[in-house]
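**Q** Structure of the sequence below:
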Amino acid sequence: MRGAEPLEQPDAATAQAYLDVLPDVRQRAEGVLDLRRLGRLHIVESIAIALYVGIFFVAWGLHRQSPELPIAPLNALAVFLIWSFLARAVRERYGARRVLRGARAGVYYGLAVAGAALGLALVVIDGVTGAFSWFWLPGPPLLFLAGGLAAGLSLRHEGRNDPSRLAPARAPFTRTARVGTMAVGACLAISVAVSGAAAVPGWGSAVSSFAMFGIMILYLVALLTGWCADLGETWWAPQWIMFGFGASAVMAMVLLVSTRPGIALATGFALGAVVLILAAIVSLLPERDDD
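**A** Numbering: from 1, shown residues only. Below you'll find the predicted structure:
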């Protein structure tokens, strides 16, 4: 600290004593990690990301085969942003902010970078040469899936001999958490509705892009201010079911826009209304008694 006296250097015996207890401290810190639940979380994340990337490339491939068909794959970005916001709190609930280290981290991030690089290369090559092929499209989602499964299964294997633990207690479902839950539902509902609007020639694409930009701004504001940072810790089954339904509806709409654009607008607004109603219901549920 500026202006304070420097700390006195420990003697050799004291320094050695600090080093001697370091392994015990590290072991106690790692003991609070719920490796099996963290592994399961990575597996679920890998499947979700692979589906997201896969749907993106399927929609893109359909558009390349029939350029007159609309495309709205970026609308699913809202699902990815919301999940990344919620997952931070879930990881902390299981005892870790970051648990991937060493070789495990190298495999996970290496395969993720490879998947992103291959996906970008496919888009660039197709844009430059027009050499579109369905053969390579499964590559990026499979690489993302392999990385997540490798990390998740290794975590579960490492924790296979750990004693069974009860799920950590949830944070209270406060008024702020209820407002945050409603905000998540509204963002999902908007994403579903504007995905259908993207099928409308002319103004549809602009409205869809503007809505996605607004959701990104809300995400950044919540991230930078820490608003509802523990939202994922407060949710239980009904809230996660609402999120799962909304996320599935967004993905379904991305595909519907590229296959049946004539019914996409009405379907999007109908599904969006359902998501909004579900969000209102789960936001008003009474506090759950975990005892």
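**Q** Between the two ends of stretch 67-87, how far is it?
**A** Stretch 67-87 has an end-to-end distance of 36 Å (criterion: Cα to Cα, to the nearest Å).
**Q** Now do it, average pLDDT.
**A** Stretch 67-87 comes out with an average pLDDT of 78.
**Q** ok, so what distance separates the closest residue to Gln239 other than its chain neighbours from Phe173?
**A** The spatially closest residue to Gln239, leaving aside those adjacent along the chain, is Val282, at 4.9 Å (Cβ to Cβ, 6 or more residues apart in numbering). (Glycine included, C-beta is placed from N, CA and C.) Taking Cβ to Cβ, to the nearest Å as the measure, Val282 falls 10 Å from Phe173.
**Q** go on, Leu188?
**A** Per Cβ to Cβ, Leu188 is found 19 Å from Phe173.
**Q** between those two, who's got more neighbours?
**A** Comparing Leu188 with Phe173 by other Cβ atoms under 10 Å, the one with more neighbours is Leu188, at 27 against 21.
**Q** For the closest residue to the more buried one other than its chain neighbours, the count of nearby residues, please.
**A** With Cβ to Cβ, 6+ apart as the criterion, Leu188 has its nearest non-adjacent residue at 3.3 Å, and that residue is Gly246. Here the number of neighbours of Gly246 (other Cβ under 10 Å) works out to 28.
**Q** Contacts only, for Gly246.
**A** Contact analysis of Gly246 by Cβ atoms under 8 Å, 6 or more residues apart in numbering lists Val79, Gly185, Leu188, Ala189, Ser191, Val192, Val275, Leu278, Ala279.
**Q** still on that earlier bit, tell me how many other residues crowd the residue nearest to Gln239.
**A** 23.
**Q** Equivalent analysis for the one 3 residues further on, please.
**A** A count of nearby residues for Leu285, using other Cβ under 10 Å, gives 13.
**Q** Would you confirm that it contacts Pro238?
**A** Yes. Taking contact to mean Cβ atoms under 8 Å, the distance of 6.0 Å between Leu285 and Pro238 places them in contact.
**Q** So for the strand or helix carrying Phe85, what gets flagged as buried?
**A** Using DSSP states H and E, Phe85 sits within helix 77-93. Under the neighbour-count criterion of 16 or more other Cβ atoms under 10 Å, helix 77-93 has 77-83, 85-91, 93 buried.
**Q** Quickly note the distance from the closest residue to Gly159 other than its chain neighbours to Arg170.
**A** Spatial nearest neighbour of Gly159, excluding adjacent residues (Cβ to Cβ, 6+ apart): Leu35 at 2.9 Å. Going from Leu35 to Arg170 by Cβ to Cβ gives 20 Å.
**Q** These two: which is more packed in?
**A** Legend: neighbour count by other Cβ under 10 Å for Leu35 and Arg170, higher for Leu35 (20 against 17).
**Q** didn't the more buried one look like it was pressed against Gly152?
**A** No. Under the criterion of Cβ under 8 Å, Leu35 is not in contact with Gly152, lying 10.1 Å apart.
**Q** which regions of this structure lie under the pLDDT threshold?
**A** Within the chain, the ranges that satisfy pLDDT under 70 run 1-34, 73, 92-100, 131-132, 160-169, 288-291.
**Q** hmm, try it at 50
**A** 1, 20-31, 290-291 (pLDDT under 50).
**Q** How is it partitioned into domains?
**A** Using automatic domain parsing, the domain ranges for the chain come out as 33-69+96-167, 77-93+170-286.
**Q** which of these is buried the deepest?
**A** Highest mean neighbour count among the domains of the chain (mean count of other Cβ atoms under 10 Å): domain 77-93+170-286, with a mean of 19.
**Q** Pull up the distance across it, start to finish.
**A** End-to-end distance (Cα to Cα), domain 77-93+170-286: 31 Å.
**Q** ok, the spatially closest residue to Gly139 that is not a sequence neighbour - contacts?
**A** Leaving aside its sequence neighbours, Gly139 sits nearest to Leu118 (Cβ to Cβ, 6+ apart; 5.1 Å). By Cβ under 8 Å, 6+ apart, the residues touching Leu118 are Trp136, Gly139, Pro140, Leu143.
**Q** Alright, calling it a day.
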